[in-house]
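[1] Predicted model follows, preceded by the sequence.
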Amino acid sequence: MVNTNALADRTSFTQTPSPTDYDGETTEQRLARRAVRWMPAQLRVWLVLRLARRLVRQTYGGTRATIRDVRRERGELDLRGSVFCQVRTPVDSPLCQFYAAAVNVLCRRFDLSMTAEAVECRAIGAPRCLIVCAVHDGTDA
């Protein structure tokens, strides 16, 4: 049985494809990425933040990241000792946007409709660097 009205409104139910780059991905990595898609959104948020924590540590050994407040709709990454944010005088915008951009790439890679943003940064005078990963449209997580 087909509802003809639904077929007439199919443009409102389709989503534009997003470009993804899987070049250089091994078979094992591809299978792991596909297995992650079967996880509930909250576990995917947690996994993305764990991978981001590993990325932070590999970027600069003196930086530490702590995962905080993981819920279905958000998660937080608390950074300590970021090499980007160690400045003598405060600046106008957060300098830990590098990490926020990396978390955004991970969110896209794991099909999470979330964005990461540096909301606090030591470079602008905050006591810590905090990256918040939150739902931006409510479709996935």
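    Yep, that arrived. Residues are numbered from 1 along each chain as shown.

[2] Return the residues in contact with the nearest residue to residue 125 once chain neighbours are set aside.
    Closest residue to residue 125 in three dimensions, ignoring its sequence neighbours and counting by Cβ to Cβ, 6 or more residues apart in numbering: residue 90, at 4.5 Å. Backbone N, C-alpha and C define where each C-beta goes, glycine included. If you count contacts by Cβ atoms under 8 Å, 6 or more residues apart in numbering, residue 90 has them with 123, 124, 125.

[3] and residue 119, which of the three is it?
    Under DSSP: H, G, I helix; E, B strand; the rest coil, the three-state class of residue 119 is strand.

[4] How many residues are close by it?
    For residue 119, the neighbour count with other Cβ atoms under 10 Å is 14.

[5] Check it and give its pLDDT.
    Here, the pLDDT recorded for residue 119 equals 90.
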